[in-house]
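Trainee: Please work out how this folds:
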Amino acid sequence: MQVTETLNEGLKREIKIVVPQADLEAKLTEKLEDAKGKVKLNGFRPGKVPASHLRKMYGKSFMAETVNEILNETPRTVLADRKERSATQPEVQMTEDEAEAQKVLDGKADFEFSLSYEVIPDIEIKDYSGIKVTREVVDIPDSEVDEQVLKIAQSAAEYSEKKGKAEEGDRITMSYAGKVDGELFEGGADDNGQLVLGSGQFIPGFEDQLIGKKAGDKTVVKVTFPEEYQAAHLAGKDAEFDVEVKLVEKAEKVEINDDLAAKLGLETADRLREVVREQIESQYGGMTRQKVKRQLLDALDKMYELESPQKLVDTEFNNIWTQITSELEEAGRTFADEDTTEEEARAEYLALAERRVRLGLVLSEIGEKAEIQVSEQEMQQALMAQVRQYPGQEKQIYEFFQKNPDAVANLRAPIFEEKTVDHLLTQVDVTDKTVSKEELMADDEAEAEEKPAKKKAAPKKKAAAKKKDAE
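Mentor: Below you'll find the predicted structure:
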């Protein structure tokens, strides 16, 4: 096999491969010899089929197998011999001339093809012990835990029918139909909608107009959709809802005790408070982790300037861009609504894609040098998390990962990265700083840069949508 480099420009490589006809013939002869003792043909005893007859019967198919084996094995062999790592699977270019291809299968021509790929650049690990990051932590007060426990208790409250007018905190069952410009709109009607007055679940102003109503009352509720309502065709529009109150119920007195905990599957009220505190700590801990990781990545970003494989950058950019445009389309918004242009947005997200790829390569190199390992158990947990997203399709999801090594690699990559970040945080200077939850949740320029999309204030929910209580 003759290997000739035809392009070496930056990270781009092209390699020409020539497998001489004699080498192909040798591989074919070996296959035919191996088949001689296995093939059963009428009129011939086992192992006595003439080689010429085997060649006539199976020559082309065996040669096609040989060619496929060469195409599968050569990229790995070439990269190993050249001590290079390809950023993506090398692309193979072969002749498209059917006559030339036929000559190869007939064993009458050399097999020529080329590989094109981008190499992962050499990365020299720098001394990162001088990196300093601040870990913001929130000291969760008992009052916040009590507030969340109360919300849970209220969500589990039992209601009983109430005679008379509805007050704040009461639950009403109603039928309603919403109209904009005199026309009913999708999602604006329900025959048995339930609403706790004062919960803020519906459009601002909707609930206030139902206070004082009783079962059997009919009324017209007039509201205006918020300017940034998620359904763009309704944003800022005046609407009227024909409402009939069917039932008014009052919540039974809520007590936070062991009986409530038992309803929720916990042993005691104290255990309920512990679980709630753990959930709040986990929520804030995730935010703390994001901010610490961002500081670490920013520091590494300043330390490393290296060329990134363009195909990896293009793939990352396409993923980001697909998400951005899908979100805009879903919200009925344009780049102009986001105070930018498509051209500016492309440039911004292309820079973000390049940064992500570059830092991904750096973290990968650091993790490899530190001998970071992803255990089989961690991979199984990641796989199970994927499977749980597709109830009823578990078998298909398992088979998909079994047949797709790239998909398995995509499961491993984020685990490996997070473990590498954990490793780095044991090596750099980390200072804990107690902050309020408002300070922890405050957005900043660096945080916005790492988000997949810059967003304005979150749009309001649909009229009939309900907020999910904290759990």
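
Trainee: which residues in this protein form helices?
Mentor: Taking DSSP state H as the criterion, the chain carries its helices at 21-36, 51-82, 98-105, 142-155, 258-263, 269-303, 310-331, 342-369, 376-388, 394-403, 405-425, 437-441, 445-450.

Trainee: so which of those helices comes closest to Asp238?
Mentor: Ranking the helices of the chain by proximity to Asp238 (Cβ to Cβ) places helix 310-331 first, at 20.9 Å. All C-beta atoms are positioned from the backbone trio N, CA, C, and that covers glycine.

Trainee: Can you tell me what sits against the closest one?
Mentor: The set of residues external to helix 310-331 that reach it, using Cβ atoms under 8 Å, 6 or more residues apart in numbering, is 11, 87-88, 118, 230, 232, 334-335, 337-338, 345-346, 349-350, 352-354, 356-357, 452-453, 455, 459.

Trainee: now that helix: how far from the chain's centre is it?
Mentor: Remark: helix 310-331 is offset 12 Å from the chain centroid, using Cα atoms, centre = their mean, to the nearest Å.

Trainee: List the buried residues of it.
Mentor: By 16 or more other Cβ atoms under 10 Å, the buried positions in helix 310-331 come out as Lys311, Leu312, Val313, Glu316, Phe317, Ile320, Trp321, Ile324, Leu328, Ala331.

Trainee: Please work out the angle formed by the directions of it and helix 342-369.
Mentor: 130 degrees (axes from the mean of the first three to the mean of the last three Cα atoms, to 10 degrees).

Trainee: and helix 310-331, average pLDDT?
Mentor: Averaging pLDDT along helix 310-331 gives 92.

Trainee: Put the alpha carbons of that helix into CSV.
Mentor: Taking Å, rounded to 0.1, in the frame of the first residue of the first chain, the C-alpha atoms of helix 310-331 are listed here in CSV:
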residue,chain,number,x,y,z
GLN,A,310,-13.5,23.8,11.1
LYS,A,311,-15.8,20.8,10.8
LEU,A,312,-16.2,20.7,14.6
VAL,A,313,-16.9,24.4,14.7
ASP,A,314,-19.4,24.1,11.8
THR,A,315,-21.2,21.2,13.6
GLU,A,316,-21.4,23.1,16.9
PHE,A,317,-22.6,26.3,15.1
ASN,A,318,-25.3,24.4,13.2
ASN,A,319,-26.5,22.9,16.5
ILE,A,320,-26.7,26.3,18.1
TRP,A,321,-28.2,28.0,15.1
THR,A,322,-31.0,25.4,14.8
GLN,A,323,-31.9,25.9,18.5
ILE,A,324,-31.9,29.7,18.1
THR,A,325,-34.1,29.8,15.0
SER,A,326,-36.4,27.2,16.4
GLU,A,327,-36.9,29.2,19.6
LEU,A,328,-37.5,32.4,17.6
GLU,A,329,-40.0,30.6,15.4
GLU,A,330,-41.8,29.1,18.3
ALA,A,331,-42.1,32.4,20.0
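
Trainee: Which residue ranges make up each domain of this structure?
Mentor: The chain breaks down by automatic domain parsing into domains covering 2-118, 158-253.

Trainee: Need the pLDDT of Pro452.
Mentor: 37.

Trainee: pLDDT-wise, which helix or strand of this structure ranks last?
Mentor: helix 445-450 (a mean of 43; mean pLDDT, DSSP states H and E).

Trainee: Tell me the spacing between Ile397 and Asn404.
Mentor: Distance of Ile397 to Asn404, given as Cβ to Cβ, to the nearest Å: 11 Å.

Trainee: How about Val421?
Mentor: Taking Cβ to Cβ, one finds Val421 at 26 Å from Asn404.

Trainee: Looking at the two, which is more packed in?
Mentor: Val421 (17 against 11; other Cβ atoms under 10 Å).

Trainee: ok, Glu124 - how many residues close by?
Mentor: By other Cβ under 10 Å, 7 other residues sit near Glu124.

Trainee: Counting neighbours, which bits of stretch 167-183 end up buried?
Mentor: Buried residues in stretch 167-183 (16+ other Cβ under 10 Å): Asp170, Arg171, Ile172, Thr173, Met174, Tyr176, Gly178, Lys179.

Trainee: List the contacts of the closest residue to Glu84 other than its chain neighbours.
Mentor: Once flanking residues are discounted, Glu84 sits nearest to Val119: 4.8 Å by Cβ to Cβ, 6 or more residues apart in numbering. For Val119, the contacting residues are Leu11, Arg13, Glu84, Arg85, Ser86, Ala87, Pro309, by Cβ under 8 Å, 6+ apart.

Trainee: Return a PyMOL selection command for the buried portion of the residues you listed.
Mentor: Listed next is the PyMOL selection for buried residues among those, using 16+ other Cβ under 10 Å:
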select buried, resi 11+13+84+86+87+309
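
Trainee: Tell me how far the spatially closest residue to Phe62 that is not a sequence neighbour lies from Lys162.
Mentor: Closest residue in space to Phe62, ignoring its immediate chain neighbours: Lys31 at 4.5 Å, by Cβ to Cβ, 6+ apart. With distances taken as Cβ to Cβ, Lys31 is found 86 Å from Lys162.

Trainee: Same check on Glu168?
Mentor: Distance from Glu168 to Lys162, by Cβ to Cβ: 13 Å.

Trainee: Number of residues surrounding Leu424?
Mentor: 23.

Trainee: shouldn't it be in contact with Ala299?
Mentor: No - applying Cβ atoms under 8 Å as the test, Leu424 and Ala299 come out as separate, 9.5 Å apart.

Trainee: Quick check: neighbours shared by these two?
Mentor: Overlap of the contact sets of Leu424 and Ala299 (by Cβ under 8 Å, 6+ apart) consists of Tyr128, Ile131.

Trainee: Low-confidence regions, this protein specifically.
Mentor: The model of the chain has pLDDT under 70 over residues 37-50, 443-471.

Trainee: Let's see that with 80 instead.
Mentor: 33-55, 57-58, 155, 228, 230-233, 254, 330-332, 443-471 (pLDDT under 80).

Trainee: circling back to that earlier point, can you list the helices of the chain in JSON lines and add distance to Thr431?
Mentor: JSON lines is the format used below for those (distance: least, Cβ to Cβ, whole Å):
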{"stretch": "helix 21-36", "distance to Thr431": "63"}
{"stretch": "helix 51-82", "distance to Thr431": "43"}
{"stretch": "helix 98-105", "distance to Thr431": "65"}
{"stretch": "helix 142-155", "distance to Thr431": "24"}
{"stretch": "helix 258-263", "distance to Thr431": "38"}
{"stretch": "helix 269-303", "distance to Thr431": "10"}
{"stretch": "helix 310-331", "distance to Thr431": "32"}
{"stretch": "helix 342-369", "distance to Thr431": "22"}
{"stretch": "helix 376-388", "distance to Thr431": "29"}
{"stretch": "helix 394-403", "distance to Thr431": "41"}
{"stretch": "helix 405-425", "distance to Thr431": "12"}
{"stretch": "helix 437-441", "distance to Thr431": "15"}
{"stretch": "helix 445-450", "distance to Thr431": "17"}
